[in-house]
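1. Here is my input; please provide its structure:
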Amino acid sequence: MLIQPLLNPQYKIFLDNDGVHLINENKKIHLQQDIYKLIIPLINGKRTTDEIVKALENIIPAAQVFYAIMLMKNEGYLLETNGSRPEVTAYWADQNLDYLQIEKHVKNTQLNIHNFSDLKHETLKFRLKNYGFILEETSNFDIVLVDDYLQEQLEEFNLRSLKLNRPWILAKPTGSTIWIGPVFRPNDTACWECLAHRLRINLSESYYLQSSGDDSNQLMFSPIGLPSTIEMALNMLTTETIKAIVHTNDYILNSNILTFNLNTYNSQLHRLTKRPQCLRCGNKKNNPPSPIILKSNTNYFTLENGHRSSMPQETLQKYKHLVSPITGIIQSLERASSNGGVHVYTAGQNLAMQQIEYRNNIELTFTKNLKQRHLRSFSGGKGINDIQAKVSALCEAAERYSGVYRGDEYKIITSFKELGHKAIHPNNCMNFSDYQYKNRNLLNKGKKWSHIIPHPFEENEEISWTPLWSLTEKTFKYIPTSYCYYGYTDSQNKIYCIGNSNGSAAGNTVEEAIFQGFLELVERDAVAIWWYNRIKRPIVEFKSFNIEYINNLHEYYRTVDREMWILDITHDLNIPTFVAISRNFKQPKEDIIFGFGTHIDAKIALVRAVTEMNQFYVLLPFKDNKDGEFDQDILNWWNTANLENQPHLKPEISMPRKKITDYPIINSQDILKDLQYCKSQIERQGMEILVLDQTRPDIGLPVVKVIIPGMRHFWNNFAPGRLYDVPIKMGWLKQSLKEKSLNPVMMFI
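-> Numbers count the residues shown, from 1 in each chain. Reported below is the predicted structural model:
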């Protein structure tokens, strides 16, 4: 109960015949009961509650007066008179803080300001002392000022704070955007190294230049600012410091950075996640993986989502905090298509390509890749509606992030010979031919990373190996770490493997991720066999599928002078696989685009093919830019490819059109059963499925890499095997092609 009540000064009070009206900048309150009309005029910050009760004793029972005052206090209409200015008490009350409690915490807190910036901070000192803080070298809470959240002094300061178990708040009062927070609380919240990890990813180009060894490239944010803007930032910091000291556990900046843009007046909270694997504040144990035990998953079947265990809206809500240019793994989700029927999103740079190019220094430079427009330069997503495309982009970006080698992954150092039957020879996965290895220096000249042929593997050399769980043999097998992760090499002099995203996938569950990764392997394998053998395949009568989205898309393409058709390239695994193709039928240059799709449900495979084609389509408006930033392979394709010189893109008219009735209906309502069906198709061909769980504990979204030795990527992997054998087995060719007779146009997406 309030001892000496005071009307909250944030409210204007009006009394009339209808009761009492309290109005502030955000809301209006109407107290209708007559009791409030009698009590409120007596509240002046001087009378005690007992005196108010006494004054009304002949009119209202004491219990009712006490109860009414308690209700108004609980709603924030009344405050305790505590000797401070009423507006100060009211502000803190609005923050759910009691001024007397604040005073108590202030008296028990010794602050120290560590200024690593170029600014003078007298305003901050003055404000803090004015609140009653004691500024001492020996502190129990620190304030750190910087011009850049990656300043080198912060690493040592973070280590010291962790050792002393001392909380601190970080702030950047300079620049066009003010940064305040987070509050680092050892053992409870993320540490600065957790934050720096994300910042280095999001500022990757700057960080690359900083780490290149050239001091002239030290990129720090410019400490710009006006005295007025800096003073405003320091005043904000003072307020947040008080909140941080009083709200120890539930303070919002314990897990967020607040940014305020002085140009746009936009403020944002950027959520920071504690990294369990952080080398400074996390669990440093690097334990071997556990066997992957597959579980039953309810399958929410919808055409636009495929077989998923959660709807896209749920996935976006759960993982949207991963999108932030500061603390996220995805800087932004941006719609790349303007047409309402073409839904494509980008989600920042493809981390797989960045890591390979600047760490391994193969052919392309890091900075070139950052600017070049290529279908794989950015993580992206597609769908038949906006939400699905957005979630698809988010999940692909999370998948790429999770596949980058960070240094905390479990691996062993040994040789192929020593591992014996537990080892998978890397070329059983890469499938380079003897000719390619012997002529690699010539063949690699001028090629981008996806077409680079690595050094021939040496079986006696000790390298890093990563364990993968064999779903087929129920045991761990080992594959070189450099094939399993982006950006890892055992030696800069000899690179035996280059990691790629084939078979990598994210999902709401591990089972879902494995299913999606498996489908990608089947798709790429079928595409490679069709593309390099230049096999003509039957057209799909897509109207028989009665999919409104595809019918509408077909009509849209007609309005922009494009025709569209779909080929069936399903091969010996009997999992529907399609290629959607479109060309301009009015221009000499046909600007041919295509996309692929695979799924056990033919309808979903069809949708995936056309939506992937849409990702190619959104690049067309940029092809005539003269900025030198467009992928040359795509430009060459658009400048030279047509149906005459690429006859395998045309349907085989002698073969019957494929209709929906030609495909089995497989809809188990359980992703586990879907996986078991897929597994049986692989094992019938004498192959095994290997799975690496790449899920990162700071992300939470399940990510796996699925590997099936012997299956083909659709890049230039020309070793003997399925590429030559399947067309004969399927009766598509009478005899296998020689390597030199394969399609000279390497798959470029």
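
2. Show me the helices in the stretch 301-450 of the chain, by range?
-> Along the stretch 301-450 of the chain, the segments classed as helices by DSSP state H, counting those that start in this stretch run 312-319, 351-360, 366-371, 386-402, 416-419, 427-430, 434-438, 440-444.

3. quick one: the fourth one to chain centroid distance?
-> It refers to helix 386-402. Here helix 386-402 is found 7 Å from its chain centre; the criterion is C-alpha atoms, centre = their mean, to the nearest Å.

4. Could you name the helices and strands sitting against it?
-> helix 312-319, strand 334-335, strand 343-349, helix 351-360, strand 378-383, strand 504-506, strand 703-707 (3 or more C-beta pairs under 8 Å, 6 or more residues apart in numbering; DSSP states H and E). For glycine as for every other residue, the C-beta is placed from the backbone atoms N, C-alpha and C.

5. got the angle for that helix vs strand 343-349?
-> Interaxial angle of helix 386-402 relative to strand 343-349 (axes from the mean of the first three to the mean of the last three C-alpha atoms, to 10 degrees): 20 degrees.

6. Pull out the buried positions in helix 386-402.
-> By neighbour count with 16 or more other C-beta atoms under 10 Å, helix 386-402 contains the buried residues 387-402.

7. what is the orientation angle of that helix with strand 378-383?
-> Using the same axes, to 10 degrees: helix 386-402 against strand 378-383 is 150 degrees.

8. How about exporting stretch 605-621 as CSV, limited to the C-alpha atoms?
-> What follows is stretch 605-621, C-alpha atoms only, in CSV (Å, rounded to 0.1, in the frame of the first residue of the first chain):
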residue,chain,number,x,y,z
ALA,A,605,8.8,-31.9,-58.1
LEU,A,606,7.0,-30.0,-60.9
VAL,A,607,6.5,-27.0,-58.7
ARG,A,608,10.1,-27.0,-57.6
ALA,A,609,11.4,-27.1,-61.2
VAL,A,610,9.4,-24.0,-62.2
THR,A,611,10.1,-22.0,-59.1
GLU,A,612,13.8,-22.7,-59.5
MET,A,613,13.6,-21.5,-63.1
ASN,A,614,12.1,-18.3,-61.7
GLN,A,615,15.3,-17.8,-59.7
PHE,A,616,17.1,-17.8,-63.0
TYR,A,617,14.5,-15.5,-64.6
VAL,A,618,15.1,-12.7,-62.1
LEU,A,619,18.7,-12.3,-63.2
LEU,A,620,17.7,-11.5,-66.8
PRO,A,621,17.1,-7.7,-66.2
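
9. So for it, what gets flagged as buried?
-> Judged by neighbour count using 16+ other C-beta under 10 Å, the buried positions of stretch 605-621 are 605-619.

10. now do stretch 448-462
-> Counting neighbours by 16+ other C-beta under 10 Å, one finds that the buried residues in stretch 448-462 are 448-454, 457.

11. which among those residues gets closest to residue 169?
-> residue 449 (42.2 Å; C-beta to C-beta).

12. pretty sure that closest one contacts residue 498?
-> Yes. Using C-beta atoms under 8 Å, residue 449 is in contact with residue 498, at 6.7 Å.

13. Of all the helices of the stretch 301-450 of the chain, which one comes closest to residue 194?
-> helix 386-402 (14.6 Å).

14. related to what we said a few turns ago, and the helices of the stretch 301-450 of the chain, which one is worst for confidence?
-> The minimum mean pLDDT among the helices of the stretch 301-450 of the chain belongs to helix 366-371 (a mean of 35).

15. Which element, helix or strand, includes the nearest residue to residue 296 once chain neighbours are set aside?
-> With sequence-adjacent residues excluded and distances taken as C-beta to C-beta, 6 or more residues apart in numbering, residue 296 is closest to residue 672, at 4.7 Å. In the assignment (DSSP states H and E), residue 672 maps to helix 671-684.

16. Domain boundaries for this structure, per the record?
-> The chain breaks down by automatic domain parsing into domains covering 5-82, 99-271, 536-675.

17. Just send those back as a markdown table, with mean pLDDT and distance to residue 690 too.
-> Listed next are these as a markdown table, based on pLDDT from 0 to 100; distance: least, C-beta to C-beta, whole Å:
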| stretch | mean pLDDT | distance to residue 690 |
| --- | --- | --- |
| domain 5-82 | 93 | 58 |
| domain 99-271 | 89 | 28 |
| domain 536-675 | 95 | 14 |
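
18. so which of those comes closest to residue 705?
-> domain 536-675 (15.5 Å).

19. what's the straight distance from one end of that closest one to the other?
-> 30 Å (C-alpha to C-alpha, to the nearest Å).

20. Residue 260 contacts residue 269, doesn't it?
-> No. Assessed by C-beta under 8 Å, residue 260 is found out of contact with residue 269, at 10.7 Å.

21. out of the buried residues of stretch 448-462, who's nearest residue 9?
-> Among the buried residues of stretch 448-462, residue 449 lies closest to residue 9 (C-beta to C-beta), at 64.6 Å.

22. Show the model's pLDDT score for that closest one.
-> As predicted, residue 449 sits at a pLDDT of 81.

23. Please report the distance of residue 553 from residue 129.
-> To residue 129, residue 553 is 67 Å away according to C-beta to C-beta, to the nearest Å.

24. Looking at those two, which is more packed in?
-> Neighbour count, other C-beta atoms under 10 Å: between residue 553 and residue 129, residue 553 has more, with 25 against 12.

25. so which strand or helix has the more buried one?
-> helix 548-559.

26. tell me what that helix is packed against?
-> strand 562-568, helix 602-617.

27. Redo the ones you listed as a markdown table? Include distance to residue 633.
-> Below are these laid out as a markdown table (distance: least, C-beta to C-beta, whole Å):
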| stretch | distance to residue 633 |
| --- | --- |
| strand 562-568 | 21 |
| helix 602-617 | 13 |
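
28. closest one to residue 648 among the ones you listed?
-> With C-beta to C-beta, the closest approach to residue 648 among those belongs to strand 562-568: 8.7 Å.

29. So which elements touch the closest one?
-> Going by 3+ C-beta pairs under 8 Å, 6+ apart, strand 562-568 lies up against helix 548-559, strand 577-584, helix 602-617.

30. now these as a markdown table including distance to residue 592?
-> Formatted as a markdown table, the helices and strands packed on strand 562-568 follow (distance: least, C-beta to C-beta, whole Å):
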| stretch | distance to residue 592 |
| --- | --- |
| helix 548-559 | 13 |
| strand 577-584 | 5 |
| helix 602-617 | 9 |
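
31. which one of those lies closest to residue 473?
-> Nearest to residue 473, of those and by C-beta to C-beta, is strand 577-584 at 26.5 Å.

32. Helix 602-617 and that closest one, what's the angle between them?
-> In terms of direction (the same axes, to 10 degrees), strand 577-584 departs from helix 602-617 by 40 degrees.

33. Now do strand 577-584 against strand 562-568, angle only.
-> Using the same axes, to 10 degrees, strand 577-584 lies at 160 degrees relative to strand 562-568.

34. Give the pairing partners of strand 577-584; include direction for each.
-> Looking at strand 577-584 with DSSP bridges, its partner strands are strand 562-568 (antiparallel), strand 593-598 (antiparallel).

35. most packed of the helices of the stretch 301-450 of the chain?
-> Greatest average neighbour count among these goes to helix 386-402 (a mean of 25), per mean count of other C-beta atoms under 10 Å.

36. now the lengthiest helix in the chain: mean pLDDT?
-> In the chain, taking DSSP state H as the definition, the longest helix is helix 510-533. In this model, helix 510-533 has a mean pLDDT of 98.

37. list the helices and strands it packs on?
-> Packing partners of helix 510-533 (3+ C-beta pairs under 8 Å, 6+ apart): strand 306-308, strand 504-506, strand 577-584, strand 593-598, helix 671-684, strand 690-693, strand 703-707, helix 722-729.

38. go again using 6 Å as the cut-off
-> strand 504-506, strand 593-598, helix 671-684, strand 703-707 (3 or more C-beta pairs under 6 Å, 6 or more residues apart in numbering; DSSP states H and E).

39. Next, the angle from the longest one to helix 510-533.
-> An angle of 40 degrees separates the directions of helix 671-684 and helix 510-533 when computed by the same axes, to 10 degrees.

40. If anything else comes up later, I'll come back, but that's it for now.
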